[in-house]
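K.L.:
Build the 3D model from these lines:
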Amino acid sequence: MDSGDRNRVDVLRSVRTWKSEIPRMPFSRSRSGIICDVSQKRYDVCFVSGPTKMDPASRSLLLLQDPSNSSPPLTRKLRPLPRKWEAEVMLNVTEVTVSSAINATTCDFYHDGAALVFSTGGYMGNLYHDFDDGMIPLFITSRFIAGDFVLVISEYHNWWVRKYYQVLRRYSPHRIINLDNETSTHCFRRGAAVGLISHDDMTVEPSLMPDSEDMLSFREFLGEAFFDKYYHLHRRPMERELRPVMVMVVRNGSRNVQNQADVVGLAERVGFAVRTFTPTKVTDLNEAFRTINASHAMMGVHGAGLTHSLFLRPGSVLLQVIPLGADWVSETCFGRPARAMGLKYLPYRIGVEESSLVEKYGRNDVVLRDPKTVVRKNWENTKSIYLEAQSVKLDLGRLRQYLVVAYRHAKRFMEEADMANH
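P.N.:
So this is what the prediction gives:
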């Protein structure tokens, strides 16, 4: 835990007894009723405690103060997307102003709860970032708001809201406000939260949460969002399901598996019932959740499609194929979160002969001989060489050993799930 985390923990402990109006906040309260944290690498966030007016024309949230209040106003401008360290990306996220005003105004609409303002700009549309920059930080931040709230979205996209409607309505049953084209003013009796808190890549850190929730808690939340009946799904085994089901995530383009059909055949010979799954931007998440939640294992090459591993039940198996030069990003994006969600995680790191890069570079080239050195120089090397320009042809003999281990764990999980269901 770094010094920033320790500071947040210390402050959180000092204010956990304060739970009136907006919240259980991880920061100290200012005299003005506005509290902000702009010291973090990943995000800026402000909480406004008390009656608050949202003025879409000026993209501002204003704490309505009594005229007798002599406290100087606190004004903050922030971009409500938790990718603060990527300055170029953040330039395309519109600033929102948090300030205060004398309580002598009217609003077009009034809400008993709070407003939670965030952006779906940046890399949204990529499934991994939809969760890493959106759904997980939204889960974290919502836990610091006591009571009802309304979602207010900047850089609003209809297709994004439609895709995640099932999850968004679990956060709030109210109509989502599109900050980009809203023309009416709104007053929120219980204040506002502007920006999203992010602990790390695909992480919910329990020591920084009001009720010590973690990634398992987030997985449970997803289960409740995608219909409770799906989350508790343990179907009676049919003929095909006497074998553990493996969802095999298929990639087209970069990092595709050149011998995909052979890999599917091998997994079936080992004992799996294989369901191939080729996700796209328009994949129905309800159907994806139902399919993956009912399975016992998932396998795929590192990429955004493996974000669907969030839909696996705790106890399932995730076998991630790791291309050359992608060790760190594979562990960060999916390895660590898999273990945090109670999955059996199996990393399959490909050898030089399994990479298409061997055809482009000589076997003695540093790109193949020492990927760590190449990656260490800058992220662009990881992206342009190892992620965007590499495909894999898996060694079936070597892969079989991993599939056998995956099968044993998956079969045990299937049997335990069936026993629990009877």
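K.L.:
any idea which helix is longest in this protein?
P.N.:
Ranked by residue count and defined by DSSP state H, the top helix of the chain is helix 396-421.
K.L.:
Report the mean confidence score over it.
P.N.:
For helix 396-421, mean pLDDT rounds to 94.
K.L.:
Kindly report the same for stretch 146-159.
P.N.:
Mean predicted lDDT for stretch 146-159 stands at 95.
K.L.:
Endpoints of it, how far apart?
P.N.:
29 Å (C-alpha to C-alpha, to the nearest Å).
K.L.:
buried stuff in it?
P.N.:
146, 149, 150, 151, 152, 153, 154, 155, 156 (16 or more other C-beta atoms under 10 Å). In this view, the C-beta of every residue, glycine as well, is placed from N, C-alpha and C.
K.L.:
any idea which of those is closest to residue 170?
P.N.:
Closest approach between the buried residues of stretch 146-159 and residue 170, by C-beta to C-beta: residue 151, at 11.0 Å.
K.L.:
if we can go back for a sec, quick check: the farthest pair among the buried residues of stretch 146-159?
P.N.:
146 and 155 (27.2 Å).
K.L.:
How about the spatially most central residue of the chain, nearest residue that isn't a chain neighbour?
P.N.:
Most central in the chain under C-alpha atoms, centre = their mean is residue 131, positioned 2.4 Å from the mean C-alpha point. Excluding its sequence neighbours, the residue lying closest to residue 131 (C-beta to C-beta, 6 or more residues apart in numbering) is residue 307, at 5.6 Å.
K.L.:
and the one you found, which of the three is it?
P.N.:
Secondary structure assignment for residue 307 (DSSP: H, G, I helix; E, B strand; the rest coil): helix.
K.L.:
Is it in contact with residue 134, as I believe?
P.N.:
No - with contact defined as C-beta atoms under 8 Å, residue 307 does not count as touching residue 134 (11.3 Å).
K.L.:
Compare these two (neighbour count), which wins?
P.N.:
For the pair residue 307 and residue 134, the greater number of neighbours falls to residue 134 (25 against 22), based on other C-beta atoms under 10 Å.
K.L.:
where's that one relative to residue 372, distance?
P.N.:
Separation of residue 134 from residue 372 (C-beta to C-beta, to the nearest Å): 31 Å.
K.L.:
again with residue 191
P.N.:
Taken as C-beta to C-beta, the span from residue 191 to residue 372 is 48 Å.
K.L.:
Pick out whichever of the two has more residues nearby.
P.N.:
When neighbours are counted by other C-beta under 10 Å, residue 191 and residue 372 differ, and residue 191 comes out ahead with 24 against 9.
K.L.:
Please list all residues in contact with the more buried one.
P.N.:
21, 22, 33, 47, 48, 49, 50, 51, 52, 63, 114, 115 (C-beta atoms under 8 Å, 6 or more residues apart in numbering).
K.L.:
which phi and psi does the residue nearest to residue 222 when sequence neighbours are not counted have?
P.N.:
Nearest non-adjacent residue to residue 222, counting by C-beta to C-beta, 6+ apart: residue 310, 6.3 Å away. Backbone torsions for residue 310, taken as degrees, to the nearest 10, come to phi -60, psi -20.
K.L.:
Residue 310: what's it in contact with?
P.N.:
131, 218, 219, 222, 337, 341.
K.L.:
Let me have those in a markdown table, extended by secondary structure and distance to residue 366.
P.N.:
Shown next, in a markdown table, are the contacts of residue 310 (DSSP: H, G, I helix; E, B strand; the rest coil; distance: C-beta to C-beta, whole Å):
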| residue | secondary structure | distance to residue 366 |
| --- | --- | --- |
| 131 | helix | 34 |
| 218 | helix | 40 |
| 219 | helix | 40 |
| 222 | helix | 42 |
| 337 | helix | 31 |
| 341 | coil | 36 |
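K.L.:
Pick out whichever of those residues sits closest to residue 37.
P.N.:
Distances from residue 37 to these, taken by C-beta to C-beta, are shortest for residue 218, at 21.4 Å.
K.L.:
Can you report how many residues neighbour residue 376?
P.N.:
11.
K.L.:
Quick check, pLDDT for it.
P.N.:
86.
K.L.:
Mind checking what secondary structure it has?
P.N.:
Once three-state DSSP is applied, residue 376 turns out helix.
K.L.:
That one and residue 94, how far apart?
P.N.:
Taken as C-beta to C-beta, the span from residue 376 to residue 94 is 35 Å.
K.L.:
got it, and residue 42?
P.N.:
Distance from residue 42 to residue 94, by C-beta to C-beta: 19 Å.
K.L.:
ok, now residue 409?
P.N.:
47 Å.
K.L.:
ok, these two, which is more surrounded?
P.N.:
residue 409 (19 against 15).
K.L.:
Tell me who's in contact with that one.
P.N.:
297, 317, 344 are the contacts of residue 409 under C-beta under 8 Å, 6+ apart.
K.L.:
What is the neighbour count of the second one?
P.N.:
Same thing as residue 317. Residues near residue 317, counting by other C-beta under 10 Å: 28.
K.L.:
Who is the closest residue to it other than its chain neighbours paired with across the strands?
P.N.:
Leaving aside its chain neighbours, residue 317 sits nearest to residue 297 (3.9 Å; criterion: C-beta to C-beta, 6+ apart). As for beta bridges, residue 297 partners with residue 246, residue 317 under DSSP bridges.
K.L.:
Does residue 297 touch residue 318 like I think?
P.N.:
Yes - using C-beta under 8 Å, residue 297 is in contact with residue 318, at 7.5 Å.
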